[in-house]
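> next one to model:
(one chain, ligands or ions: 1)
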Amino acid sequence: MKYTLSHSEIRDGIIKLCQQFDGRYWQECDAQYAYPANFVNALTQEGYLSALIPETYGGLGLPLSAGAAILEEIHRSGGNAAACHAQMYTMGTVLRHGSDIQKQRYLPEIASGALRLQAFGVTEPGSGTDTTALRTTAIKKGDNYIVNGQKIWTSRAEHSDLMLLLARTTPKEQVSKKTDGLSVFLVDMREVVGTSLTIKPVRTMMNHATTQLFFDDMAVPAANLIGEEGKGFRYILSGMNAERMLIAAESIGDAKFFIEQATAYAGEREVFDRPIGKNQGVQFPIARAYADMRAAELMLAEALRLYEDGQSPGEEANIAKMLAADAAMAAGEACIQTFGGFGFASEYNIERKYREARLYQVAPISTNLILSYIAEHVLGMDRSY
Ligand SMILES: Cc1cc2nc3c(=O)[nH]c(=O)nc-3n(C[C@H](O)[C@H](O)[C@H](O)COP(=O)(O)OP(=O)(O)OC[C@H]3O[C@@H](n4cnc5c(N)ncnc54)[C@H](O)[C@@H]3O)c2cc1C
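Next up, the predicted model:
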């Protein structure tokens, strides 16, 4: 297969690194529900997780498309970057909205791997997609904010030192717009875990290290407020396009994995004395998934181009994320069908990848909400919620 790919050197480096972490490695992590620590350490040591951190702070200072290339190749190799991808987009909030002191204090250590910024606490059990309805509060008392409430689906919290947290600092009734009064904090979880912060793992259909968090009078130094109090919602929104594009890249990697596996297997597997891949009934779903993947890939390339040109490609980033997640599902479906019964056997990695790829129909934003975005913000239709 030929693709128009950027950052070929980075891709080659990732392909080489991922060869040390083969299907068996991911199967074992999956079976034991274990965090892929060796994989994440290797990525960190090679500097890939600090790709987007500016060189002044010890990172590689690469553009977003390089981050997308890294995540795509991890997924294409059969791995799962969900164990560590958040560092790439949460770091952007600190970079864009943090003070010089905060950036000097945290970014070099994040870049070196001494500190992990993998946790992003936004979603709550009671608010779901309606972020502004979140109920976790942060009340200023002296030099601290005192945080109470709970979060759900805070992934990687057990494997992170820092968390970017969104909490309400002014009650909803006291703000003119419901998006006001929310603030972002950089929480050093090492100081509070086990006392005012309780972390409870949540088992999911794939190995994702996600958790539920409970805050009980958790003190966060006021110095760790990012930007201005009450403006946190827009800081989080400003990172959304990058997040959408990086996740789209992972889904494109998933689609490529499935297509390559299905194509190879269809050529090898003989039934009725001929390769199953000679049948159009086997070929066509794979070919269609390939076409879906290419469309998603081109939309992602356009979104990245606009982003790197300094624009805010909300339309393109959202469409790329949706098309890519759909292409991954179509390719996964074609692949599992091509493998027949063996598609369900763990040792082929197809069923595991299928479970992992399914997440991106829901997180970090569900398909319905992307369609609502297109209807409202691109087509000018009435807001439906
Ligand atoms: C494994 C996993 C990891 C995650 N990691 C993180 C993380 O690290 N940090 C974090 O903050 N969050 C995380 N999330 C949360 C994720 O972002 C949310 O699950 C997602 O935003 C959807 O929210 P919800 O689950 O509350 O669904 P809900 O908001 O309850 O929605 C349920 C369904 O209703 C639909 N729906 C809701 N409102 C509308 C509407 N107006 N129109 C049409 N359809 C609608 C949705 O599309 C969805 O299909 C994670 C989730 C999972 C499952």
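> for burial, what's the neighbour tally of the residue of the stretch 1-150 of the chain at minimum distance from the ligand?
Per Cβ to the nearest ligand atom, G128 is where the stretch 1-150 of the chain lies closest to the ligand, at 2.6 Å. Just so you know, the C-beta spots here come from the backbone N, C-alpha and C atoms, and that holds for glycine as well. Per other Cβ atoms under 10 Å, the neighbour tally for G128 reads 13.
> three-state assignment of it?
coil (DSSP: H, G, I helix; E, B strand; the rest coil).
> pLDDT wise, what is it at?
Looking at G128, its pLDDT is 90.
> show me the helices in the stretch 1-150 of the chain, by range?
Secondary structure of the stretch 1-150 of the chain (DSSP state H, counting those that start in this stretch): helices at 8-19, 23-32, 37-45, 64-76, 86-97, 100-112.
> please verify my assumption that R203 contacts A209.
No: at 10.5 Å, R203 does not count as touching A209 under the criterion of Cβ atoms under 8 Å.
> just want to know which of the two has more residues nearby.
Taking other Cβ under 10 Å, R203 and A209 do not tie; A209 has more neighbours (24 against 8).
> over to the more buried one: give its phi and psi.
Per-residue torsions, A209: phi 50, psi 40 (degrees, to the nearest 10).
> would you mind naming what in the stretch 151-300 of the chain lies close to the ligand?
Among all residues of the stretch 151-300 of the chain, those adjacent to the ligand (criterion: Cβ under 6 Å from any ligand atom) are W153, T154, S155, T204, H208, T210.
> strands of the protein, start to end?
Under the criterion DSSP state E, the chain contains strands at 117-121, 137-141, 144-152, 162-168, 182-188, 197-202, 210-221, 225-226, 270-271, 274-275.
> quick one: list the elements packing against the longest one.
Other helices and strands packing on strand 210-221, by 3 or more Cβ pairs under 8 Å, 6 or more residues apart in numbering; DSSP states H and E, are strand 144-152, strand 182-188, strand 197-202.
> could you give me the average pLDDT of that strand?
Throughout strand 210-221, pLDDT has a mean value of 98.
> neighbouring contacts of it?
121, 125, 136, 138, 143-158, 165, 185, 187, 192, 196-202, 204 (Cβ atoms under 8 Å, 6 or more residues apart in numbering).
> starting at the chain centroid, how far to it?
Centroid separation between strand 210-221 and its chain, computed with Cα atoms, centre = their mean, to the nearest Å, is 22 Å.
> list the strands paired with that strand, with their directions.
Partners of strand 210-221 in the sheet, by DSSP bridges, are strand 144-152 (antiparallel), strand 197-202 (antiparallel).
> for those strands, state which one has the densest average packing.
strand 144-152 (a mean of 20; mean count of other Cβ atoms under 10 Å).
> relative orientation of that one and strand 117-121 in degrees?
80 degrees (axes from the mean of the first three to the mean of the last three Cα atoms, to 10 degrees).
> just the helices of the stretch 1-150 of the chain: most buried one?
Comparing these on average neighbours per residue, with mean count of other Cβ under 10 Å, the densest one is helix 64-76 at a mean of 26.
> phi, psi of the closest residue to L166 other than its chain neighbours?
Excluding the flanking residues, the one nearest L166 by Cβ to Cβ, 6 or more residues apart in numbering is V122, at 4.9 Å. When quoted as degrees, to the nearest 10, the phi and psi of V122 stand at phi -120, psi -60.
> in this structure V122 contacts I236, no?
Yes: the criterion here is Cβ under 8 Å, and V122 meets it with I236 at 6.6 Å.
> shared neighbours, the two?
When contacts are counted by Cβ under 8 Å, 6+ apart, V122 and I236 are jointly contacted by T131, L166.
> picking up where we left off before, need the helices of the stretch 1-150 of the chain in TSV with distance to V220 and mean pLDDT, can you?
Putting the helices of the stretch 1-150 of the chain into TSV (distance: least, Cβ to Cβ, whole Å; pLDDT from 0 to 100) gives the following:
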stretch	distance to V220	mean pLDDT
helix 8-19	35	97
helix 23-32	32	98
helix 37-45	25	97
helix 64-76	28	97
helix 86-97	15	93
helix 100-112	13	97
